[in-house]
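Asker: Sequence isn't available, so here's the structure alone:
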């Protein structure tokens with residue numbers, strides 16, 4: 001292994017650590033509340049080095065957004081059975097999203113925070129914006145195969161399905177505290193996880209396979 005290779009790997013590990021710590025900071029304190037000095041201290045590096053890698057606080061935040069969205073996009077690419085069993089594939093995609101959101105509450109807080117900022121940072125970086133396409137590509141292919149085989153209705157598109165899946169998964173994590181206060185049920189309680197995961201898959205499959213439903217107005 002060359003010295004250059006070692007240096008590159010060390011730099012990669014340093015950047016990964018910075019993004020991981022920054023994700024926690026931005027998730028817990030929001031964009032305005034997070035401080036680069038604190039991130040530097042928690043990564044045992046320097047503010048100067050962070051700026052060397054990312055330019056400024058905006059650049060670091062955009063790297064966090066890219067890493068956060070990139071993770072779920074990579075997981076979605078693991079869906080199987082698209083060509084031979086689109087019903088299983090769409091259920092699998094729903095469950096992958098459920099598992100990711102359940103295990104990554106920081107992602108929920110990051111997305112919620114960016115919405116408070118009206119998507120200002122996502123708008124300004126093409127890399128993050130383009131991360132929406134892989135999700136729709138997978139969904140589009142599943143729907144195409146399902147429709148060709150007469151299994152899925154044809155009056156919904158990939159973005160409709162993405163919205164339905166994401167809304168359910170996002171809500172149970174983002175609203176767990178208010179829901180608990182209002183209804184005395186913890187949506188993320190371990191004993192309810194399997195039932196909620198199955199319910200999501202059941203709802204999406206039932207909706208898509210209801211081919212007798214009248215078209216949307």
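Answerer: Alright, I've got the coordinates. It should be emphasised that the depicted structure is a prediction, and the values quoted were computed from it without experimental measurement.

Asker: switch to C-alpha atoms for all contacts and neighbour counts from now on
Answerer: OK.

Asker: now residue 21, nearest residue through space, not along the chain?
Answerer: residue 39 (6.4 Å; Cα to Cα, 6 or more residues apart in numbering).

Asker: Look at that neighbour and give its secondary structure.
Answerer: Using DSSP: H, G, I helix; E, B strand; the rest coil, the structure places residue 39 in helix.

Asker: What residues does it make contact with?
Answerer: Residues counted as contacts of residue 39 (Cα atoms under 8 Å, 6 or more residues apart in numbering) are 18, 21-22, 25.

Asker: Out of those, give me the one that has the most neighbours.
Answerer: residue 22 (24 neighbours; other Cα atoms under 10 Å).

Asker: per-residue pLDDT, it?
Answerer: pLDDT recorded at residue 22 is 97.

Asker: what does residue 130 give?
Answerer: On the pLDDT scale, residue 130 gets 83.

Asker: okay, and for this structure, where does confidence drop off?
Answerer: 1-7, 213-217 (pLDDT under 70).

Asker: The contacts of residue 39 in helices, which ones?
Answerer: 18, 21-22, 25 (DSSP state H).

Asker: quick one: which of those residues is nearest residue 108?
Answerer: Proximity of the ones in helices among the contacts of residue 39 to residue 108 (Cα to Cα) peaks at residue 25, which lies at 13.4 Å.

Asker: from what I can see the closest one touches residue 36, true?
Answerer: No - here residue 25 lies out of contact with residue 36, judged by Cα atoms under 8 Å, at a distance of 9.1 Å.

Asker: Go ahead and report the secondary structure state at residue 78.
Answerer: coil.

Asker: Who are the contact partners of it?
Answerer: No contacts exist for residue 78 under Cα under 8 Å, 6+ apart.

Asker: same deal with residue 83?
Answerer: 142, 145.

Asker: helix or strand for it, which one?
Answerer: If you go by DSSP states H and E, residue 83 is not part of any helix or strand.

Asker: how far away is it from residue 149?
Answerer: For residue 83, the distance to residue 149 (Cα to Cα, to the nearest Å) stands at 10 Å.

Asker: Next, show the common contact partners of these two.
Answerer: Common neighbours of residue 83 and residue 149 (Cα under 8 Å, 6+ apart) do not exist.
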